[in-house]
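>>> Below is the sequence, then the predicted model.
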Amino acid sequence: MIGWIGLGLLLIAYVLLLTKWSKYFIPIDTIASFILTIHAIILKDIPFIIVNGFITIILGIKWCKKEYKI
């Protein structure tokens with residue numbers, strides 16, 4: 001179930017890029033990537049832990065630095 005939640009949030013984040021609410025892309029994408037990292041840890045899927053963990057870290061840094069459109 002946690003994987004489906006992460007996937008849903010990821011899809012919502014990318015759809016938001018096409019709307020006037022694109023400023024919410026980084027926060028939602030960060031949360032989705034974090035959830036998918038947790039899912040990969042539960043599954044013990046090393047490549048996806050690395051990929052989603054790396055994406056979560058980079059997006060988290062961008063979110064904290066406010067390097068996105070408002």
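Perfect, thanks for sending it.
>>> what separates stretch 11-30 from the chain centre, distance-wise?
Taking Cα atoms, centre = their mean, to the nearest Å, one finds stretch 11-30 lying 10 Å from the centre of the chain it belongs to.
>>> That stretch: which residues count as buried?
Within stretch 11-30, the residues scored as buried using 16 or more other Cβ atoms under 10 Å are 13, 16, 25, 26, 27, 28, 29, 30. C-beta coordinates here come from the backbone N, C-alpha and C atoms, glycine included.
>>> contacting residues for the second one?
What it means is residue 16. Residues in contact with residue 16, defined by Cβ atoms under 8 Å, 6 or more residues apart in numbering, are 22, 24, 25, 28.
>>> For the residue nearest to the first one when sequence neighbours are not counted, give its distance to residue 7.
The one in question is residue 22. Leaving aside its sequence neighbours, residue 22 sits nearest to residue 16 (Cβ to Cβ, 6 or more residues apart in numbering; 5.7 Å). When distances are taken as Cβ to Cβ, to the nearest Å, residue 16 and residue 7 turn out to be 15 Å apart.
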